[in-house]
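Q: Got a predicted model here, sequence first, then my questions.
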Amino acid sequence: MTRPTVVVTRQLPQAAIGPILERCDARYWDSEEPIARDTLLEWMQGADGLYCLLTESVDDELLDAAGPGLRVVATMSVGYDHVDVAALRKRGIPLGNTPGVLTETTAELALALLLATARRLPEGTHAVQSGTWPSWRPMWMTGRDIHGSTVGLVGLGRIGSAFARMLGGFGCRILYTGPREKPEAAREVGATFVPMDTLLEESDFVAVHCPLNDQTRSLFSVDAFRKMKPTAVFINTSRGGVVDQEALYEALVQGEIAAAGLDVTDPEPLPADHPLVSLDNCVILPHIGSATVATRTKMAVMTTENLLAGVEGRPLPNGVDLS
């Protein structure tokens with residue numbers, strides 16, 4: 001029996017790559033660095049399956065390079081804004097992702113980022129390391145309290161709900177907004193649905209947990225930041241494209257908001273000379289929301305399961321609804 005041919009675009013833990021190598025002929029990019037686009041297009045020729053990351057653009061060009069034999073695209077991510085869903089739908093190619101497994105881990109990172117930004121932890125660490133820690137001063141390095149504050153969530157999906165549950169111990173008032181109300185999820189975490197403008201105007205912390213799509217791209221623009229409190233802290237662990245970064249920079253410099261914490265940017269990696277990197281009141285992490293050993297391993301294995309199911313003609317364990 002002919003073994004399926006698959007393309008794997010990044011180095012994987014043994015638990016994920018082992019089953020692929022046992023059951024497929026793999027064109028395996030065994031490196032932690034992204035595969036070059038030209039190489040990927042060449043490798044896709046005649047492939048039955050693609051195991052990709054969010055760094056790979058899955059578009060008409062790539063699908064045309066693969067040809068009519070491509071049976072599945074499996075992405076090691078929950079989000080799939082790097083995938084042209086319409087192009088897959090047109091060709092009848094299923095898409096697998098990794099929902100659920102990274103929910104708590106990413107919510108933990110969002111909480112850590114909120115705490116680090118609100119309490120100015122990176123600035124404090126820098127003061128110690130640079131030898132600029134002064135004698136005790138009453139108002140030096142003062143931040144903002146989380147307990148008793150109002151936290152606004154833009155999106156109350158899996159990660160947003162988990163984040164809201166984690167905030168329970170802080171006694172926060174929790175608001176949320178989105179394209180529609182989610183009464184059951186809101187009840188479970190004690191959140192109140194409000195219009196976007198109300199959330200921006202009343203929240204001490206605004207945390208973004210929505211997907212990137214045509215409706216949310218550049219959702220946080222000049223107008224959005226101007227509606228926020230000058231003492232507000234902005235947190236984004238969703239996708240960088242949700243934010244107009246030039247508008248965010250101006251809001252931070254002009255004092256329209258107090259601080260920002262970002263785990264996602266556009267582009268990624270963000271250049272070291274980007275204006276946002278120069279700001280003390282902007283904490284930027286290198287997209288590590290799901291970065292624990294256990295979670296990343298589970299994501300890798302789930303993606304393998306989707307890939308193998310697709311090339312072997314079985315339903316994907318975690319398939320995306322492309323309708």
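A: Here it is on my side, so go on.
Q: Could you use CA atoms for every contact and neighbour count after this?
A: Fine.
Q: quick one: low-confidence ranges for the chain?
A: Across the chain, the ranges flagged by pLDDT under 70 are 1.
Q: the strands in it, which residues?
A: For the chain, the strands defined by DSSP state E cover 5-8, 25-28, 49-52, 72-75, 95-96, 150-154, 173-177, 191-193, 205-208, 233-236, 259-262, 282-284.
Q: Please identify the most buried of those.
A: Greatest average neighbour count among those goes to strand 72-75 (a mean of 28), per mean count of other CA atoms under 10 Å.
Q: related to what we said a few turns ago, to G310, which of the strands of the chain lies closest?
A: Checking these against G310 by CA to CA gives strand 72-75 as the closest, at 5.1 Å.
Q: The closest one packs against which elements?
A: Helices and strands touching strand 72-75, by 3 or more CA pairs under 8 Å, 6 or more residues apart in numbering; DSSP states H and E, are strand 49-52, strand 95-96, helix 293-311.
Q: hmm, back to that, including distance to G143, could the strands of the chain go into a markdown table?
A: Below are those laid out as a markdown table (distance: least, CA to CA, whole Å):
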| stretch | distance to G143 |
| --- | --- |
| strand 5-8 | 45 |
| strand 25-28 | 47 |
| strand 49-52 | 40 |
| strand 72-75 | 39 |
| strand 95-96 | 42 |
| strand 150-154 | 16 |
| strand 173-177 | 19 |
| strand 191-193 | 25 |
| strand 205-208 | 13 |
| strand 233-236 | 10 |
| strand 259-262 | 10 |
| strand 282-284 | 13 |
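Q: quick one: which of these is nearest L322?
A: Of all these, strand 95-96 sits nearest to L322, with 7.8 Å by CA to CA.
Q: And for the closest one, what's in contact with it?
A: 72-75, 88, 303, 306-307, 316-320, 322 (CA atoms under 8 Å, 6 or more residues apart in numbering).
Q: 7 Å instead?
A: For strand 95-96, the external contacting residues (CA atoms under 7 Å, 6 or more residues apart in numbering) are V72, V73, A74, T75, N306, L316, N318, G319, V320.
Q: now the fifth one: how far from Q245?
A: Going back to what we said before, that points to N306. Between N306 and Q245 the distance, using CA to CA, to the nearest Å, works out to 35 Å.
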